[in-house]
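**Student:** Generate a structure from the sequence data that follows.
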Amino acid sequence: MIRVIAIGAILAAVVVGVFLLVAGQEDENAYRVRAIFDNAGFVIPGEDVKISGVKVGKIHSIDVTPDFKAAVVLEITEPGYASWKRDASCIVRPQNLIGERFVECKPTQVRSANAQAPPELAEIKRGPGKGQRLLPVENTTQSVDIDLIGNTMRAPERERLSLILNELGTGLAGRGRDLNDVIRRANPALKETDEVLEILARQNTVLEQLAVNSDTILAPLARDRTRVSGAIRNSSEVAKATAERREALAEDIQTLPEFLDEFEPTMEDLGSLADESTPVLNDLGARAEDINNMVRRLGPFSEAAIPAIDSLGEAAKTGTPAVTDARPVIADLRSLASAIKPVGTNLRDVLESFRDTEGIQRLMDYIFFQTTAINGYDAVGHYLRAGLLVNACTTYAVQPVPGCSANYPKTTATASSGPPVTSEDPVLRATAAAIARALGQQVEAEKQKVQSGLSGAKGGKAPAGAAPTARTRVTPPSASPTTVPPAAGTPAPGPA
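**Tutor:** Coordinates of the predicted model:
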């Protein structure tokens, strides 16, 4: 029997130990919030913690902070509510008429769907409440209890309230109609106020951003408050100077509309320029990287070009006197350019005429057709009518040449009487004169030489194989008559 009792006691101890161990583990894993209240009267551990009327935990413990605030530790046992944000709030409310309390909380405030959620409640790292989440006193409130309202009926609160009402009645005595109007007007005013508050509630995200942006803007201003104060002082001086010149400013303001009217076309032109420059600027923006590369590479190029620029400066020192000395030549060239300007104008007209009428093409056509007209034509094509002389008569000579049967013209006389007949062909005469001038021959010497030859021919026979001597008498306009034989091999006309 004793053995059975001992075994039962051991089993009971084991069950209690397991229960305490599980309870301790659950207690360690619980989500606790250390909420700071100004006053937590009649709040005791074990009372409920509710969210939207649903019990999610209980009050774990109550403590007093060093600054004499009430620290109420809320233990949240429901997992779905164990994530409180920094905008969470709690209020102590009465649960019934016998004085029981409960804590009603909001883990976070209502916000729009696209608004960013605030961070989690800060965790206490050390000191009282280590490992718990801290809900500051700014996020907690307490409702007014019914017994406090009932205390107004006790002395001395009752007398004090009576004095307040008496004074209020004295102030409103004889103003019933005005009070009635105020009450009637209060309804629309309160309605408008309610609408304003509703609009502000809808714009809470914008207001939050405004506050954040204001803080961002004011922070640099706070850092540079010395400069800001200086700017304010300078603004005061500017305002003072502006006030002193208010008459001139008034005149400027009066002329401002006329100035704006005259300035309007310029602004329109600037607008058009901006519209037309937009594609260019877009292209420049697209090629900005290439332009940056070009600018970066331009630095080494500029450094490499420094010696060339220095050499150009030295050359300029030498070239400046040369250019100065060349001014007379340049002046002569200017005069020549002015003189030949009509020639250039006529040449331009001629060349433009050739271009417009296709003169060069027509000249080539003439040469082509003229050549084909004087040439022969057979079944194969055109051919040139030309004869090739290959004999002793092809070489130019002024005296008979053996082996050449050409006849030189010579003077003859009639059987009876009369002067000798001389060839008077104008073409031969002009040709002989041109050749004589070109060769620098002495006309008189040649004349004597020819006459000597003719005298020998009259006295005897010519050498064998020699052709009879012939001559043509020509008289150039500016020279004495001379006799120039034709080229050997060219048949000469017989005696006249």
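**Student:** quick one: low-confidence ranges for the stretch 51-200 of the chain?
**Tutor:** Scanning the stretch 51-200 of the chain for pLDDT under 70 picks out 184-189.
**Student:** now do the stretch 301-450 of the chain
**Tutor:** 377-378, 382-398, 405-428, 432, 436-450.
**Student:** got the residue ranges for the helices in it?
**Tutor:** For the stretch 301-450 of the chain, helices defined by DSSP state H, counting those that start in this stretch occupy the ranges 327-339, 341-357, 359-374, 426-439, 443-459.
**Student:** Pull the residues that contact stretch 142-149.
**Tutor:** By CB atoms under 8 Å, 6 or more residues apart in numbering, the residues outside stretch 142-149 that reach it are Phe37, Asp38, Asn39, Ala40, Ile91, Val92, Arg93, Pro94, Leu97. Backbone N, C-alpha and C define where each C-beta goes, glycine included.
**Student:** Run me through the strand neighbours of the strand ranked longest in the chain, direction for each.
**Tutor:** In the chain, taking DSSP state E as the definition, the longest strand is strand 54-64. Strand 54-64 pairs in its sheet with strand 48-51 (antiparallel), strand 70-76 (antiparallel), by DSSP bridges.
**Student:** Which one, of the ones you listed, ends up nearest to Lys125?
**Tutor:** strand 70-76 (16.3 Å; CB to CB).
**Student:** Need the residues that contact that closest one.
**Tutor:** 30-40, 43, 49, 56-65, 82, 90, 103, 105, 128-129, 132.
**Student:** Then stretch 211-228?
**Tutor:** So stretch 211-228 is contacted by nothing (CB under 8 Å, 6+ apart).
**Student:** what's the average pLDDT for it?
**Tutor:** Mean pLDDT, stretch 211-228: 81.
**Student:** Just the CA trace of it, in CSV.
**Tutor:** Output for stretch 211-228, consisting of C-alpha atoms alone and laid out as CSV, is shown next (Å, rounded to 0.1, in the frame of the first residue of the first chain):
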residue,chain,number,x,y,z
ALA,A,211,5.0,66.6,-42.3
VAL,A,212,7.9,64.3,-43.4
ASN,A,213,8.8,66.7,-46.3
SER,A,214,8.5,69.7,-44.0
ASP,A,215,10.9,68.0,-41.6
THR,A,216,13.3,67.3,-44.5
ILE,A,217,13.1,70.9,-45.7
LEU,A,218,13.4,72.4,-42.2
ALA,A,219,16.3,70.3,-41.2
PRO,A,220,18.8,72.0,-43.5
LEU,A,221,17.3,75.3,-42.6
ALA,A,222,17.9,74.5,-39.0
ARG,A,223,21.5,73.6,-39.7
ASP,A,224,22.0,76.9,-41.5
ARG,A,225,19.9,79.0,-39.2
THR,A,226,22.6,81.6,-39.2
ARG,A,227,22.3,82.1,-42.9
VAL,A,228,18.5,81.9,-42.7
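**Student:** where do the helices sit along the stretch 1-150 of the chain?
**Tutor:** Using DSSP H, counting those that start in this stretch, helices in the stretch 1-150 of the chain cover 2-29, 146-150.
**Student:** Can you show me the CA trace of the next helix or strand along the chain from the shortest one as CSV?
**Tutor:** Using DSSP states H and E, the next helix or strand after helix 146-150 towards the C-terminus is helix 157-172. Provided in CSV are the C-alpha atoms of helix 157-172 (Å, rounded to 0.1, in the frame of the first residue of the first chain):
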residue,chain,number,x,y,z
GLU,A,157,-17.6,69.8,-6.0
ARG,A,158,-21.3,70.5,-6.0
GLU,A,159,-20.8,74.0,-4.8
ARG,A,160,-18.1,74.7,-7.3
LEU,A,161,-20.3,73.4,-10.1
SER,A,162,-23.1,75.6,-8.8
LEU,A,163,-20.9,78.6,-8.9
ILE,A,164,-19.9,77.8,-12.5
LEU,A,165,-23.5,77.4,-13.6
ASN,A,166,-24.5,80.6,-11.8
GLU,A,167,-21.8,82.6,-13.5
LEU,A,168,-22.7,81.0,-16.8
GLY,A,169,-26.4,81.9,-16.2
THR,A,170,-25.4,85.5,-15.3
GLY,A,171,-23.4,85.8,-18.5
LEU,A,172,-26.3,84.4,-20.6
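**Student:** Tell me how far the lengthiest helix in the chain lies from the chain's centre.
**Tutor:** For the chain, the helix reaching the highest residue count under DSSP state H is reported as helix 246-286. Its chain's C-alpha centre lies 22 Å from the corresponding centre of helix 246-286 when counted by CA atoms, centre = their mean, to the nearest Å.
**Student:** pLDDT of it, averaged?
**Tutor:** 88.
**Student:** list the helices and strands that helix packs on?
**Tutor:** Under the contact criterion of 3 or more CB pairs under 8 Å, 6 or more residues apart in numbering; DSSP states H and E, helix 246-286 touches no helix or strand at all.
**Student:** show me the contacts for the nearest residue to Asp87 once chain neighbours are set aside.
**Tutor:** For Asp87, ignoring the flanking residues on the chain, the nearest one in space by CB to CB, 6 or more residues apart in numbering is Gln109 at 4.7 Å. When contacts are counted by CB under 8 Å, 6+ apart, Gln109 touches Lys85, Asp87, Ala88, Ser89.
**Student:** Now do Lys130 against Arg34, distance only.
**Tutor:** The spacing between Lys130 and Arg34, counted by CB to CB, to the nearest Å, is 10 Å.
**Student:** got any residues that touch both of the two?
**Tutor:** With CB under 8 Å, 6+ apart as the test, Lys130 and Arg34 both reach Ile124.
**Student:** These two - which one has more neighbours?
**Tutor:** Arg34 (24 against 10; other CB atoms under 10 Å).
**Student:** List the contacts of the more buried one.
**Tutor:** Ala71, Val72, Val73, Leu74, Ile124, Gly129, Gln132, Arg133, Leu134, Leu135 are the contacts of Arg34 under CB under 8 Å, 6+ apart.
**Student:** What residues are bridge-paired with it?
**Tutor:** Val73, Leu134.
**Student:** Please renumber the chain so that the first residue is 16 from this point on.
**Tutor:** Sure, I'll start counting at 16 from here, so that last one is Arg49.
**Student:** now it: how far from Ile77?
**Tutor:** Applying CB to CB to Arg49 and Ile77 gives a distance of 11 Å.
**Student:** now Leu271
**Tutor:** Separation of Leu271 from Ile77 (CB to CB) stands at 73 Å.
**Student:** So for these two, which sits in the more crowded spot?
**Tutor:** Ile77 (15 against 11).
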